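1. pasting the sequence and the predicted coordinates here, then a few questions.
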Amino acid sequence: MSKNLIFIFEFVSGGGFSRINIPTSLFCEGFGMLRSIIADFKALDFEIYTILDQRIFFLSNFLEADIIRIVNENDDYLSIFKETVKNCYYTFIIAPETSNILYNLTKIVNNCNKIVLSTNLKGIKYGTSKIKTYQLFENKKILSPRTYSIPYKKTHFNNDFIIEKFKRLKKPIVIKPEDGVGAESIYYFEEKSQLLNFLKDINTNLNNNRSYILQEFIDGRNLSISLIGAPYIDKNPLILSVNSQDINIKNLTPEYLGGHTPSSNYKGIIEKLSSNLKKMKSLKIEGYFGIDFIEEPNGSLYFIEINPRLTTSYIGLRNIINLNCADLIYKSRVNILKNPEVKLNNYSMFTRIDFYSDEFENIEEFYEDYMPKLIKLIPEFVTPPIALEDPHLYSCFIATKTKDLNSSKIRINKIFESLKSLNFKVIKPIQKELS
């Protein structure tokens, strides 16, 4: 078996939802990450295997993979996953921490005695449980919002506990799944009346089969940091970039739409983060991972959670950095990473765009008649437009590559204009013009 064979697996597009509807927002991010990391490993002359859900197999032309297997509706994606792992020397996994999916997939690779290039099992453990992550931050004396597990009383969540914590905190709170990812199922409460109304139907609003946390809400800039851990080097994890995240928890239905990188004053933020990262050095997290945090107006930084996997910010990061991130990931996992000099030469805005059109009868007609024209007009497509839930509502993910923030805003506005010129109606982002 050749040592340059790598299996790159992304859960959403790779069959993880083969028997249910594919969520549009998760697909746009997942396929964008898959396409990006495949391109970066291909540039290193790897031979690449991947697998795709049969419903989106027509997008295979957008991937620089050498072999792509189909996961059909009645297939067990895990069986195909295991078989492909055995046929490759390396495996790189993009999957959610929810229900231990990422942990279990990584364990399969380890049990097959293959080399995992994504985050190690130890790192995944730190990011799978939000309450354990909070306890970790507390033990390391790292500032983090106060967080509590919501107890389950007989057949119901303990409403009295939730009300008591809300009163004691005397500030807004969020309730979210203990193992959730992104903006999934997050509920924000500012007033007691809001919370009481929610609690009337709490067993309807929340899934009885999942654990939830109550967390103090910190108001400020939503940021993340992209890192590569190489514990054999006696220093902090390698910092790639600080990213701004476009998410509004206060919305009725919170949703992650993307972000931009690097964030303003990222060098100053890195300086402030260095002492916290030093405290986390003993965790020995390997490979690419991210940390979400919030910067308050007064400059205080609150760590929220560890993301032990490739994050959506990677889609923008690869457009701004002077190095091939896949090369850094590979070298860190095979213990040959030295001390690379990271420079951020560009700027990238990355976002999901939803637009509406009733001109096409089906997705095949859209791809035949309009896709070549769209790609020519908008080369920033990372995930090309696709209609998964409504045949007239298309979603895509784009990433700019410009010299500064203003240039990216101008380019995004031109993309909106290009879509409108083809009679598409932009739904998201809601603002048609970026100021």
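-> That came in fine, so what should we check first? No experiment lies behind these values; they were computed from the predicted model shown.
2. measure how buried the closest residue to F189 other than its chain neighbours is and give me the count.
-> Sequence neighbours aside, L195 is the residue nearest to F189 in space, at 4.4 Å (criterion: Cβ to Cβ, 6 or more residues apart in numbering). Just so you know, the C-beta spots here come from the backbone N, C-alpha and C atoms, and that holds for glycine as well. If you count neighbours by other Cβ atoms under 10 Å, L195 ends up with 20.
3. what residues are up against L195?
-> Contacts here follow Cβ atoms under 8 Å, 6 or more residues apart in numbering; on that basis L195 touches I162, I163, F166, I173, F189.
4. can you select the buried ones from those in ChimeraX?
-> Provided next is the ChimeraX selection string for whichever of the contacts of L195 are buried by 16 or more other Cβ atoms under 10 Å:
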select :162,166,173,189
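5. just to revisit the earlier point, can I take it that the residue nearest to F189 is in a helix?
-> Yes. Read with DSSP: H, G, I helix; E, B strand; the rest coil, L195 is one of the residues of a helix.
6. tell me how far it lies from D327.
-> 49 Å (Cβ to Cβ, to the nearest Å).
7. all strands of the stretch 51-200 of the chain, in order?
-> 67-71, 90-94, 115-116, 147-149, 152-153, 156-157, 173-177, 187-189 (DSSP state E, counting those that start in this stretch).
8. among those strands, which is nearest K200?
-> Across those, K200 has its closest neighbour in strand 156-157 (11.7 Å, Cβ to Cβ).
9. that closest one pairs with which strands, and in what direction?
-> When pairs are called by DSSP bridges, strand 156-157 turns out to pair with strand 152-153 (antiparallel).
10. and the end-to-end length of stretch 161-178?
-> 16 Å (Cα to Cα, to the nearest Å).
11. contacts for that stretch?
-> Here stretch 161-178 makes contact (Cβ under 8 Å, 6+ apart) with 98, 129-131, 146, 148-151, 184-190, 192, 195-196, 198-199, 206-207, 210-217, 219, 249.
12. buried only: go through those residues for me.
-> 98, 129-131, 148, 150, 184-189, 195, 198-199, 206, 211-217, 249.
13. got any ranges where the stretch 251-400 of the chain has weak pLDDT?
-> Scanning the stretch 251-400 of the chain with the threshold set as pLDDT under 70 gives 252.
14. where do the helices sit along it?
-> Using DSSP state H, counting those that start in this stretch, the helices of the stretch 251-400 of the chain run over 266-279, 314-317, 325-333, 363-369, 371-377.
15. out of these, which gets nearest to I353?
-> Judging the helices of the stretch 251-400 of the chain by Cβ to Cβ, what sits closest to I353 is helix 371-377, at 11.4 Å.
16. and the closest one, what does it pack against?
-> strand 381-386 (3 or more Cβ pairs under 8 Å, 6 or more residues apart in numbering; DSSP states H and E).
17. returning to that earlier point: dump the helices of the stretch 251-400 of the chain to CSV, plus mean neighbour count and distance to S348.
-> What follows is those, written out as CSV (neighbours: other Cβ atoms under 10 Å; distance: least, Cβ to Cβ, whole Å):
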stretch, mean neighbour count, distance to S348
helix 266-279, 15, 13
helix 314-317, 28, 4
helix 325-333, 21, 13
helix 363-369, 14, 26
helix 371-377, 14, 19
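18. nearest to G259, of those?
-> G259 sits nearest to helix 314-317 of all these, at 7.0 Å, using Cβ to Cβ.
19. what packs against that closest one?
-> helix 24-42, strand 238-247, strand 256-261, strand 348-356, strand 393-399.
20. tilt between the longest one and strand 256-261?
-> So the one you mean is helix 24-42. 40 degrees (axes from the mean of the first three to the mean of the last three Cα atoms, to 10 degrees).
21. now the angle between strand 348-356 and helix 24-42, please.
-> If you take the same axes, to 10 degrees, helix 24-42 sits at 140 degrees to strand 348-356.
22. now find how far off-centre helix 24-42 is within its chain.
-> Relative to its chain's centre, helix 24-42 lies at 10 Å (Cα atoms, centre = their mean, to the nearest Å).
23. same check, this time on the shortest one
-> Distance, stretch centre to chain centre, for strand 256-261: 10 Å (Cα atoms, centre = their mean).
24. that one pairs with which strands?
-> Sheet pairing for strand 256-261, assigned by DSSP bridges, gives strand 238-247 (antiparallel), strand 348-356 (antiparallel).
25. among the ones you listed, which is nearest L26?
-> For the strands paired with strand 256-261, the distance to L26 is smallest for strand 348-356, at 10.4 Å, taking Cβ to Cβ.
26. how about stretch 53-69: buried residues?
-> Those would be D53, R55, I56, F57, L59, F62, L63, A65, I68, R69, for stretch 53-69 by 16+ other Cβ under 10 Å.
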